[in-house]
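[1] After the sequence you'll find the predicted model.
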Amino acid sequence: MAVCNSQSFIHADPSNLIFKNSLPMVGAILALLAYDLLESSLLAAQPQHVLTSFGFTVPITAAMTALAIALSIRTNNKIIRQNCIDKQQVPLEISNCLLKNSLIVFLFSLLFYFNQEALLLLTGNSQQLPGALTHSIAKQQQTYLDLRFIGWVFLAAIWMINATLRALGWMPLASALMFCWATTKCILAIVLLSPESNNEISLSVVAWLHIATDVCCAVISLYFLHQKVGLKKPTLTRLSIPLITPSKDSCLIVLQQFVTPISMAFLTYMAATFDTSYVAALALIFRLELLFLLIPMVLTTSLPALVGANFWREQHSRVEQFYSITFGFIMLFQLLLAALLLNQHHLLSNFICSHQAISNHLFTFLTWVPWAYGATGILMVFQSCLNAKNKTLEATVLAISHKLVLLLSFAFIGANYWDKQGFYLGIALSHAASLFIVYLIMKRTRTTISFKP
């Protein structure tokens, strides 16, 4: 196993550590988010019903990514803890985690494959299109989702391997692999999906693009991981027990990650009852949100390893330092970004989508919602750090309170009382209100911070 220098996590200056471990991931996350936005923008150039039909699949593919990220978080936490307890067992622990989690994803892919129609109905898909287009688009949706389910295991493998590399301190390698993965997707999307390509644009083309890049990147990532740690053959006895009786923490982390796509599905269903232009707009907004939350997303890839390493060594004062530095920076950055977006919101809304009805939605969204992203960013990072400290129940309560209770109720009330503007204003208020829940949970966890290994 190559030497892993994680000792600096508990000795070096917190500000320098955050900067050093986060910077390599900025380009990678930016490239990944840029692809999501590019994909939606290229589909937005098609007739509105194409983007709308794609919008109904977004919560499902978001659930796929959510499971992959959930398993990567659990893998990251296990490797960090194992590296603190017994470094010699790290290669075997990695092999066991990768194989066990891949089997879990395979089972989920079968479940989703055989319940695809029901999943689409849950997002309000039956209300979407004129009768003449329904059969053609439904067939495209089915082919798209079938192919995405086939490639789900490879998507999960990429996230898990990347999380493992980050847990062991190899941030530059993790960043480079993710950057190459996303950049390759962007290049292929421009070649295959742009209007100048003269190709027939369909959702199945998008799905094949995902499968090709995911398979190649998963194999390459596994090769580099093996070169670094020298993976060992998994032990069947250690695999069988967790598969039969998964731990409470694993179940809660998976639940946390499914909260977001469930919330997206409910929002999409709610939007479909108002007007299909809402659904098309949400397909873009879900991608834009991730781009606007770039810095918090980068910090969720780097800060949990720093917080976890210090927490498990009982360096609690350093954990508090990481929180104060990170949360202050997130709030300042997101407020500055909100001001910039407000200044350019008319130009941006028309640039992102030329359809007037969708552009109007984007204009309203950019006016209100970004002002609350400081609270959202803090919540995202704090939730990831709670998981790193094995406080998965608190992290789950935080996710459910924000995404299912506050977000859905505020959006519903806003839409019913103040129409389109109220829908987005309600979303903004729900994000801001979530900061109070962060405060309550942080106060509670501070009173129960001691532990025994």
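    Right, received. Where do you want to start?
[2] Now do the strands in the stretch 301-450 of the chain.
    Assigned by DSSP state E, counting those that start in this stretch, the stretch 301-450 of the chain shows no strands.
[3] ok, Leu386 to Gln256 distance?
    9 Å (Cβ to Cβ, to the nearest Å). (Each C-beta comes from the backbone N, C-alpha and C, glycine too.)
[4] Which residues are in contact with each of the two?
    When Cβ atoms under 8 Å, 6 or more residues apart in numbering defines a contact, the residues bordering Leu386 and Gln256 alike are Thr392, Ala395.
[5] With the flanking residues excluded, which residue is spatially nearest to Ala212?
    Leu188 (7.4 Å; Cβ to Cβ, 6 or more residues apart in numbering).
[6] The one you found: helix or strand, and which one exactly?
    Per DSSP states H and E: Leu188 is located in helix 171-193.
[7] Name the next helix or strand following that helix along the chain.
    With elements assigned by DSSP H and E, the helix or strand that comes after helix 171-193 is helix 203-229.
[8] just to revisit the earlier point, helices or strands next to the helix holding Leu188 in the packing?
    With contacts taken as 3 or more Cβ pairs under 8 Å, 6 or more residues apart in numbering; DSSP states H and E, helix 171-193 sits against helix 14-44, helix 152-167, helix 203-229.
[9] Adding mean pLDDT and distance to Thr75, write the ones you listed out as a markdown table.
    Listed next are those as a markdown table, based on pLDDT from 0 to 100; distance: least, Cβ to Cβ, whole Å:
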| stretch | mean pLDDT | distance to Thr75 |
| --- | --- | --- |
| helix 14-44 | 84 | 17 |
| helix 152-167 | 93 | 5 |
| helix 203-229 | 91 | 11 |
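[10] Give me whichever of those helices is most buried.
    Among the helices and strands packed on helix 171-193, helix 152-167 has the highest mean neighbour count (mean count of other Cβ atoms under 10 Å), at a mean of 25.
[11] And the pLDDT at the nearest residue to Trp368 once chain neighbours are set aside?
    Of all residues not flanking Trp368 in the chain, Ala428 sits nearest, at 4.5 Å (Cβ to Cβ, 6+ apart). Ala428 carries a pLDDT score of 95 in this model.
[12] my guess is Ala428 meets Thr367, correct?
    No - in this structure Ala428 lies outside contact range of Thr367 using Cβ atoms under 8 Å: 9.2 Å.
[13] Those two: which has the busier surroundings?
    Set Ala428 next to Thr367 and count neighbours by other Cβ atoms under 10 Å: Ala428 wins out with 23 against 19.
[14] Next, work out how far apart the more buried one and Tyr417 are.
    Here Ala428 is placed at a distance of 15 Å from Tyr417 (Cβ to Cβ).
[15] Tell me which of the helices and strands packed on helix 171-193 lies nearest to Arg318.
    helix 14-44 (6.2 Å; Cβ to Cβ).
[16] elements contacting the closest one?
    For helix 14-44, the packing partners by 3+ Cβ pairs under 8 Å, 6+ apart come out as helix 48-85, helix 171-193, helix 276-292, helix 294-312, helix 316-343.
[17] TSV for the ones you listed, including mean neighbour count and mean pLDDT?
    TSV is the format used below for the helices and strands packed on helix 14-44 (neighbours: other Cβ atoms under 10 Å; pLDDT from 0 to 100):
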stretch	mean neighbour count	mean pLDDT
helix 48-85	23	81
helix 171-193	19	89
helix 276-292	23	83
helix 294-312	24	88
helix 316-343	16	93
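[18] between those, which one is nearest to Leu231?
    helix 48-85 (12.4 Å).
[19] still on that earlier bit, what's near enough to touch the residue nearest to Ala212?
    Leu188 is in contact with Leu209, Ala212, Thr213, counting by Cβ under 8 Å, 6+ apart.
[20] What of Trp418?
    Counted by Cβ under 8 Å, 6+ apart, Trp418 has contacts Leu425.
[21] Quick check: Met270 vs Ala432, distance?
    Met270 is 20 Å from Ala432, where distance means Cβ to Cβ.
[22] Who has more neighbours out of the two?
    Met270 (19 against 16).
[23] Go ahead and confirm that one touches Ala411.
    Yes - using Cβ under 8 Å, Met270 is in contact with Ala411, at 6.8 Å.
[24] quick one: the residue nearest to Trp368 from Ala68, how far?
    Distance of Ala428 to Ala68, computed by Cβ to Cβ: 29 Å.
[25] low-confidence ranges in the stretch 351-453 of the chain?
    Scanning the stretch 351-453 of the chain for pLDDT under 70 picks out 354, 446-453.
[26] Now with 50, please.
    447-453 (pLDDT under 50).
[27] circling back: quick one: closest of the helices and strands packed on helix 171-193 to Leu362.
    So among the helices and strands packed on helix 171-193, helix 14-44 is nearest, using Cβ to Cβ, at 10.3 Å.
[28] relative to helix 152-167, how tilted is the closest one?
    Between helix 14-44 and helix 152-167, the angle comes out at 160 degrees (axes from the mean of the first three to the mean of the last three Cα atoms, to 10 degrees).
[29] start the count at 30, not 1, going forward
    Got it, first residue is 30 now, which makes that one helix 43-73.
[30] Helix 43-73 versus helix 232-258: what angle between them?
    For helix 43-73 against helix 232-258, the angle by the same axes, to 10 degrees is 160 degrees.
[31] how distant is helix 43-73 from the center of its chain?
    The chain centroid and the centroid of helix 43-73 are separated by 12 Å, computed with Cα atoms, centre = their mean, to the nearest Å.
[32] ditto for stretch 370-380
    Mean-position distance between stretch 370-380 and its chain equals 25 Å (Cα atoms, centre = their mean).
[33] And stretch 408-423, by the same measure?
    15 Å.
[34] which helix of the chain spans the most residues?
    Longest helix in the chain by number of residues (criterion: DSSP state H): helix 436-476.
[35] give the contact list for Leu391.
    Leu391 makes contact with Ala310, Leu313, Ile314, Leu317, His374, Leu377, Ser378, Ile381, Cys382, according to Cβ under 8 Å, 6+ apart.
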